[in-house]
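Colleague: What would the 3D arrangement of this be:
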Amino acid sequence: SFSEPLLHMFNKNGHTVRERLGGLWDQLSEGRRTVLLLGDSLGDAAMADGLNIPVVCRIGFLNDTDFQRQAQRLPHYTAAFDALVLGDGPMDFINHLLTSNGS
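Modeller: Residues are numbered from 1 along each chain as shown. Below is the predicted model:
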């Protein structure tokens, strides 16, 4: 069975997280200043909205492997995300972000 409220692509955002976790979110996020957001649709770029975290690094996956479709969608993805992984690209960039310690 499903628990209410149902989490789906149109309400997966920080407002929903805060609502569902209540005070636990405040404990989990205490002292954190950065969110690493990963998404593969344009709507995913807004998933951190409502988290009240000052820095959000949005990384998008433009999974389309057809060059023409990718080229058509690229301007929208570059506007919504800070960085992109194209096609079936590797996770090297993201792994570097996670292990670089800011250097």
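Colleague: now the helices for this structure?
Modeller: 14-21, 23-29, 67-80, 92-99 (DSSP state H).
Colleague: Deepest in the core, which of those is it.
Modeller: helix 14-21 (a mean of 15; mean count of other C-beta atoms under 10 Å). Every C-beta, even on glycine, is put in place using the N, C-alpha and C of the backbone.
Colleague: packing partners for that one?
Modeller: helix 23-29 (3 or more C-beta pairs under 8 Å, 6 or more residues apart in numbering; DSSP states H and E).
Colleague: mind saving the C-alpha coords of the helix it packs on as PDB?
Modeller: Extracted as PDB, the C-alpha positions of helix 23-29 are listed here (Å, rounded to 0.1, in the frame of the first residue of the first chain):
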ATOM      1  CA  GLY A  23      11.600  18.700  13.100                       C
ATOM      2  CA  LEU A  24      13.800  15.800  12.000                       C
ATOM      3  CA  TRP A  25      14.700  17.800   8.900                       C
ATOM      4  CA  ASP A  26      16.000  20.600  11.100                       C
ATOM      5  CA  GLN A  27      18.200  18.200  13.000                       C
ATOM      6  CA  LEU A  28      19.500  16.500   9.800                       C
ATOM      7  CA  SER A  29      20.300  19.800   8.000                       C
END
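Colleague: Now do that helix: everything it contacts.
Modeller: Here helix 23-29 makes contact (C-beta atoms under 8 Å, 6 or more residues apart in numbering) with 17, 18, 21, 51, 52, 53.
Colleague: what sits against the residue nearest to the fourth one when sequence neighbours are not counted?
Modeller: Leaving aside its chain neighbours, residue 51 sits nearest to residue 14 (3.4 Å; criterion: C-beta to C-beta, 6 or more residues apart in numbering). For residue 14, the residues meeting the contact criterion (C-beta under 8 Å, 6+ apart) are 47, 48, 49, 50, 51, 52, 53.
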